[in-house]
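Trainee: coords please:
(2 chains)
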Amino acid sequence: MRRLVIFLMPLLVTVFILATGSQQAAAQSKTVSILATWGGDEEAGFRQVLDAFTKESGVAYSYEGNRDSTVVLKTRVAANNAPDIAFLPRPGEVAAYAREGSLIPLNQGQSDDILPTSLLNANYGKAWIDLGTVDGKFYGLTAKANSKSTFWYKPASLKAIGAKVPDTWNQLLGLEDTYILAGKTPLSIGAQDGWTLTDWFENIYVRMVGPDTYMKLHVTHEVKWTDPTVVAAIQKFIQVFTPQDKKLAGGVEGTLSTGFIDGFNLILRPKPAAEMYYEGGFMSSFAQQNFPKLVPGKDYDFFEFPSIDLQYGKPVVGGGDLAVAFSQGPEVTKLMRWLAGKQANTIWASAKKGSVVSPNKLVSLSVYPVLKAKEAKQLTQASIFVFDGSDLAPSAVGGDAEFTALQRIIKDPDNFMDALNFLEDVAARSY
Amino acid sequence: MKERGAQLRAWLFVLPALVLVAAYLVYPTVQTFRTSLFGGTGFNPTRFVGLRNFIQLITHDSLFLNVVHWPPSGALVNNILWLILFSGGTLLFGLLIAVLAHGVRLESVVKSAVFLPMVISATAAAVIARFLYSPDASIGILNAGLKALIPGFTPVSWLGRSELVNYALIATGVWIWTGLSMTVLSAAYKSIDTQILEAARVDGASPWKTFWRISLPILAQPISFVALTMIINSLKMIDLVLVMTAGGPAGTSRVIGFSFYWEVFNNNLVGYGSAVAILMLVPLAPLMVVQVRRIRRQESGK
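Mentor: Reported below is the predicted structural model:
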């Protein structure tokens, strides 16, 4: 009896595999496969958009959310098994895949484009179209945008020490000192996630040198990381967190082992460890998730990252996820057109969970909850807008070395030149 | 005629294995050698740079090897630390438990407990260890335990402080791999002829002397086998580092295996990453040869 079972096992397994295989082949229209990093609430919001798409068009989708999507995507593309559509967080990645020939252009000024010019221009401003354009062809549709120039604070805490929202860098430093005198820790930084530090640096840098030099540093490497302008920006950054044990929640140790979500939680929890936290507008979703009893806009709010050099004012550093197509076909075209339209973006912007700020200009500001509306306004009204620098640079620099260098600077600010030299070494072999 | 038929049959039997080895071992190794001579990004690098990747690795990558400040740091240095402490630790604890638990009433319980981490996947063990080390005393058992035992103790971030992180990781590695070391050494220890030990006892040798002078030399072969296996493991180490700290904080817990993976898949510098892989192969290859030779000698000896 036992021998019979053991003998039949492989037979049963084979039959099972064949059965599921044939089930897939029997499906009628093609299922569009999508890959992105989103999980949890972010995924819930996106699925609302996708479910509405399936209802409208009858085309099924399959979504894969994977925190390591960069790695997964690379391997899949190399194996000729790329998803139909993927969301890339960096224009640099879009350019790399486009130049490699892996992407299908969404618009090349032709009548049969996936996203015809009339549709694009109706829905998006020039800045967003330029962002997704590589060598004259449009490849990346910015699906969700965010501002990274939002400095989070607690209005009640500010009022308690009788201070105002800081407008300039020096006022911010003064506010920190006021907090310290009142016996509170002014800042929390989620330095374990190195990219939070790159956001700090980018805001400071663009406010000191303007958008052109900013792009020269990150995109073309015409400006080196050891350049005097970078040194000056780093020195300004060091001003805001030293002395570490007075200005940072948890001191150096605590800061380096605090992630970006925990860093925000530290200022919002009942016994706060600090009063202010700098990170992007998307932090409000985490506040809602983790502290649903707190009222956005009243218990926590943001002010714009202060200006440094008045001639540049307050440029907005932002990010976004760009949708790209690895394959073509009627289903892919339908989904792309849906994603670029007013309906999809309005659904996404007003989702109960995981709502986003859409760069689509046809979405009315009234659909946004209070803080997101403030962010959307900041994005659409910015006089200067630059994409997150660490996402513009090649991943060796902006996805790794920059994190490490800045973490080293938090730990050992006196030897910041070592960190900059290291960063420049990596940049030299990455461009 | 019959002999040629037998030879052909032998080759046919080995052929599938040979094909797999050629496809998954030989070809990728050759490809890696080739790729390491190229620079640039993407999976098909085109810029030939010769040995520049290797030179840069040794001289211009402070995360790999940093000799500017004393003490030297970097992935290479960390690996040497792993080599000494991890191999030494697993060997020592494996031997200790094998000898001390021998013949004791709770022997099987102790040995099962020590072997348990080997049964779960290394990644799962790494995630468990990460929670264990958590700096939040309400989550991390280590900090909670120390807080309960030592008055006035403030929780330590074991994985967040660069002075501690490597030792914390190595400790996890030892916890996982001691099971293997213990099993091999215990089997060898139990196979020591009791008559020899009896004779030693009758001659008046103390238990310590018996162990040191008689048991240990007999265990020399299995000990060196375990040592070699652990040394090879320490040079290949990547899973613990990847899951627990991703090389952090600020790259201070990186090891060679991790660097290779990170440069290729995260930094998209495939040529550079391949150079790291080749550098990893350099100390590993002779060790593998020694290990294989030893196994063959053992087999032919039997």
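Trainee: what's the neighbour count on B:T210?
Mentor: For B:T210, the number of neighbouring residues by other Cβ atoms under 10 Å in any protein chain shown comes to 17. Using the backbone N, CA and C atoms, a C-beta is placed for each residue, glycine as well.
Trainee: leaving out chain neighbours, which residue sits closest to it?
Mentor: B:A200 (4.8 Å; Cβ to Cβ, 6 or more residues apart in numbering or on different chains).
Trainee: quick check: that neighbour vs B:L95, distance?
Mentor: From B:A200 over to B:L95 the distance is 19 Å, taken as Cβ to Cβ, to the nearest Å.
Trainee: who's more crowded, those two?
Mentor: B:L95 (24 against 18).
Trainee: phi, psi for that one please.
Mentor: phi -60, psi -50 (degrees, to the nearest 10).
Trainee: so what's it up against?
Mentor: Neighbouring residues of B:L95 by Cβ atoms under 8 Å, 6 or more residues apart in numbering or on different chains: B:S181, B:M182, B:L185, B:L219, B:I223.
Trainee: in the helix or strand hosting B:L279, what's buried?
Mentor: Using DSSP states H and E, B:L279 sits in helix B:270-301. By neighbour count on 16 or more other Cβ atoms under 10 Å in any protein chain shown, the buried set for helix B:270-301 is B:V270, B:G271, B:Y272, B:G273, B:S274, B:A275, B:V276, B:A277, B:I278, B:L279, B:M280, B:Q291.
Trainee: likewise stretch B:31-48?
Mentor: B:T32, B:T35, B:S36, B:L37, B:F38, B:G39, B:G40, B:T41, B:G42, B:P45.
Trainee: what is the burial count for A:G65?
Mentor: 17.
Trainee: how close does it get to A:E222?
Mentor: Taking Cβ to Cβ, one finds A:G65 at 37 Å from A:E222.
Trainee: contact partners for the nearest residue to A:E176 once chain neighbours are set aside?
Mentor: Setting aside the residues directly before and after it, A:E176 is nearest to A:P186 in space (Cβ to Cβ, 6+ apart), at 4.1 Å. The neighbours of A:P186, taking Cβ under 8 Å, 6+ apart as the test, are A:L175, A:E176, A:Y179, A:I180, A:K247, A:A274, A:E275, A:M276.
Trainee: so which of those residues belong to strands?
Mentor: The strands, defined by DSSP state E, take in A:M276 from those.
Trainee: where does residue 130 land on pLDDT?
Mentor: Just so you know, I chose chain A. Per-residue confidence at A:D130 stands at 79 (pLDDT).
Trainee: wait, chain B
Mentor: 92.
Trainee: wait, is it part of a helix?
Mentor: Yes. Using DSSP: H, G, I helix; E, B strand; the rest coil, the assignment for B:R130 is a helix.
Trainee: neighbours of it, just the number please.
Mentor: Other residues close to B:R130 by other Cβ under 10 Å number 18.
Trainee: ok, and the closest non-adjacent residue to it?
Mentor: B:M244 (4.9 Å).
Trainee: any figure for the gap between the one you found and chain A?
Mentor: Look at B:M244 and chain A: by Cβ to the nearest Cβ, to the nearest Å, they are 12 Å apart.
Trainee: and for residue 257, the neighbour number?
Mentor: Just going to use chain A. So A:S257, with other Cβ under 10 Å, has 23 neighbours.
Trainee: that's the other chain; I wanted chain B
Mentor: B:G257: 23 neighbours (other Cβ under 10 Å).
Trainee: again, but for A:Q110
Mentor: For A:Q110, using other Cβ under 10 Å, the count is 10.
Trainee: now it, what's its secondary structure?
Mentor: coil.
Trainee: what are the phi and psi values for it?
Mentor: phi -110, psi 160.
Trainee: how is the chain divided into domains?
Mentor: Let's take chain A. Per automatic domain parsing, the structural domains of chain A span A:32-147+A:320-380, A:151-314+A:394-428.
Trainee: meant chain B actually
Mentor: With automatic domain parsing as the reference, chain B has domains B:32-74+B:262-302, B:76-253.
Trainee: count of residues packed around the residue of chain B found nearest chain A?
Mentor: Here chain B gets closest to chain A at one residue, B:G160, 2.9 Å apart by Cβ to the nearest Cβ. Neighbours of B:G160 under the rule other Cβ under 10 Å: 25.
Trainee: that one: what's it in contact with?
Mentor: A:Q192, A:E253, A:L256, A:S257, B:P135, B:G248, B:P249.
Trainee: pretty sure A:A274 sits against A:L266.
Mentor: Yes. Counting by Cβ atoms under 8 Å, A:A274 does reach A:L266; the two are 5.6 Å apart.
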